[in-house]
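Enquirer: Structure here, sequence nowhere to be found:
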């Protein structure tokens, strides 16, 4: 009987201890709008969340729900309103309010994803932070995904004239504007909805997303050929943030711990995304028998002429915000070319 009472007392004490620990833990709901098995979740965000919990000794837990709490274009707004505690947004969706980091979407400056992400964070810290474009959220990271390519569902696309009159699904923003400049008919939707358009066969091609993205969105198999551009058509970039009130409510030591896992440290996690992209490229060529075509110098030269207006526009927007756009763009591209070193 005495042993029974001791056991009950011990269990009660453990329960009270667990309740106390639970009460001390802050659970941050972090929104990810891609499917749970997307490489961004499995290779980057889930390990990062686990590291945050470890670094804060369990005081902060980041939970990533399996479904999005808001449509992709509205994630920043949902975070500001406290519907979720944090998340990320495709920068193309907030181009009217977040202008400077759009430089990552410009053609011809792309490279390994890890290097691009390091370059983007350093460029923001050196040139963009002073503009205060993220005053309504707590920015903790900037990242890109592998460069977007051009996918043909019919004949190969190897010259500017091949785009005139065809229908193309394109990622909103740079990719869509490039396709429009080439006189293609464009359907632009969030990448997570691209399957609806591509699988229906209502377009002749798709553009602006990586091979690994297209495999994750179940669209890669619809491509017969892929035109690969040196320096890339674009790279979709994203801003990662927390609700300012939620961030401020964290203990200072926990904010410090998370900050150490943010910024450039977070950018380096994308080496895993680069490895995955190389594997998918090999799979597309060897197993799926998709034709990989290196764009000719003539095609690239014509594309550069057709897309020069995008760079000019961005430099003009940067000037309005008090930023030397030419210097920032050179710094970004030089850092990418140096592999983020």
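Expert: Noted; the coordinates are in hand. Model, not experiment: these values are computed from the prediction.
Enquirer: could you give the mean pLDDT of stretch 232-241?
Expert: The average pLDDT for stretch 232-241 rounds to 95.
Enquirer: Buried residues of that stretch, list them for me.
Expert: If you call a residue buried by 16 or more other C-beta atoms under 10 Å, then stretch 232-241 has these buried ones: 232-241. Placement of C-beta: from N, CA and C, glycine included.
Enquirer: One more: stretch 259-272?
Expert: Residues of stretch 259-272 classed as buried: 261-264, 266-267, 269-272 (neighbour count, 16+ other C-beta under 10 Å).
Enquirer: and what of stretch 119-134?
Expert: By neighbour count, and taking 16+ other C-beta under 10 Å as the criterion, the buried residues in stretch 119-134 are 119-124, 127-128, 131, 133-134.
Enquirer: Show the average pLDDT along it.
Expert: Averaged over stretch 119-134, pLDDT sits at 98.
Enquirer: Stretch 326-333 now?
Expert: Rounded mean pLDDT across stretch 326-333 is 97.
Enquirer: Adjust the sequence numbering to begin at 47 for everything that follows.
Expert: That works, and once the first residue is 47, the last one we named lands at stretch 372-379.
Enquirer: how distant is it from the center of its chain?
Expert: Counting by C-alpha atoms, centre = their mean, to the nearest Å, stretch 372-379 is centred 20 Å from the centre of its parent chain.
Enquirer: now swap in stretch 357-364 and tell me
Expert: Remark: stretch 357-364 is offset 22 Å from the chain centroid, using C-alpha atoms, centre = their mean.
Enquirer: ok, residues contacting that stretch?
Expert: The contact list for stretch 357-364 (C-beta atoms under 8 Å, 6 or more residues apart in numbering) reads 145-146, 148-149, 152, 370-372, 374-375.
Enquirer: Give the buried residues for that stretch.
Expert: In stretch 357-364, counting by 16+ other C-beta under 10 Å, buried: 357, 360-361, 363-364.
Enquirer: which residues in the stretch 247-387 of the chain form helices?
Expert: For the stretch 247-387 of the chain, the helices defined by DSSP state H, counting those that start in this stretch cover 257-262, 290-295, 298-306, 309-313, 317-332, 343-366, 371-383.
Enquirer: quick one, which of those is packed in tightest?
Expert: Of all these, helix 257-262 carries the top mean neighbour count, a mean of 25, counting by mean count of other C-beta atoms under 10 Å.
Enquirer: on contacts alone, who are the packing partners of that one?
Expert: Packing contacts for helix 257-262, counted by 3 or more C-beta pairs under 8 Å, 6 or more residues apart in numbering; DSSP states H and E, involve helix 317-332.
Enquirer: name the element residue 160 belongs to?
Expert: Using DSSP states H and E, residue 160 falls within helix 159-169.
Enquirer: gap between that helix and the chain center?
Expert: Worked out by C-alpha atoms, centre = their mean, helix 159-169 lies 12 Å from the chain centre.
Enquirer: Helix 371-383 and that helix, what's the angle between them?
Expert: Put simply, helix 159-169 runs at 150 degrees to helix 371-383, going by axes from the mean of the first three to the mean of the last three C-alpha atoms, to 10 degrees.
Enquirer: who does the helix or strand just after helix 159-169 pair up with?
Expert: Next in sequence after helix 159-169, counting helices and strands by DSSP H and E, comes strand 184-190. With DSSP bridges as the test, strand 184-190 is paired with strand 283-288 (antiparallel).
Enquirer: tell me the angle the strand it pairs with makes with helix 298-306.
Expert: Using the same axes, to 10 degrees: strand 283-288 against helix 298-306 is 170 degrees.
Enquirer: quick one: stretch 193-203 to chain centroid distance?
Expert: Relative to the chain's own centre, stretch 193-203 is displaced by 21 Å; criterion: C-alpha atoms, centre = their mean.
Enquirer: first to last residue in that stretch, what's the distance?
Expert: Start and end residues of stretch 193-203 are separated by 17 Å (C-alpha to C-alpha, to the nearest Å).
Enquirer: what's in contact with that stretch?
Expert: 156-157, 208-209, 217, 221, 244, 247, 249-257, 260, 266, 268-275, 277-282, 337, 339.
Enquirer: ok so, going back, redo the buried residues of stretch 305-318 as a markdown table? Include pLDDT and distance to residue 139.
Expert: Listed next are those as a markdown table, based on pLDDT from 0 to 100; distance: C-beta to C-beta, whole Å:
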| residue | pLDDT | distance to residue 139 |
| --- | --- | --- |
| 307 | 98 | 25 |
| 308 | 98 | 21 |
| 309 | 98 | 22 |
| 310 | 98 | 24 |
| 312 | 98 | 20 |
| 313 | 98 | 21 |
| 315 | 98 | 23 |
| 316 | 98 | 20 |
| 317 | 98 | 26 |
| 318 | 98 | 25 |
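Enquirer: Show me which residues of stretch 102-111 are buried.
Expert: Within stretch 102-111, the residues that count as buried by 16+ other C-beta under 10 Å are 102, 105-108, 110.
Enquirer: Looking at these, spot the one nearest residue 296.
Expert: Residue 296 has its nearest neighbour among the buried residues of stretch 102-111 in residue 106, at 6.6 Å by C-beta to C-beta.
Enquirer: quick one: contacts for that closest one?
Expert: Counting by C-beta under 8 Å, 6+ apart, residue 106 makes contact with 71-72, 74, 98-99, 296, 300, 303-304.
Enquirer: Minimum pLDDT in the residues you listed, which residue is that?
Expert: residue 71 (93).
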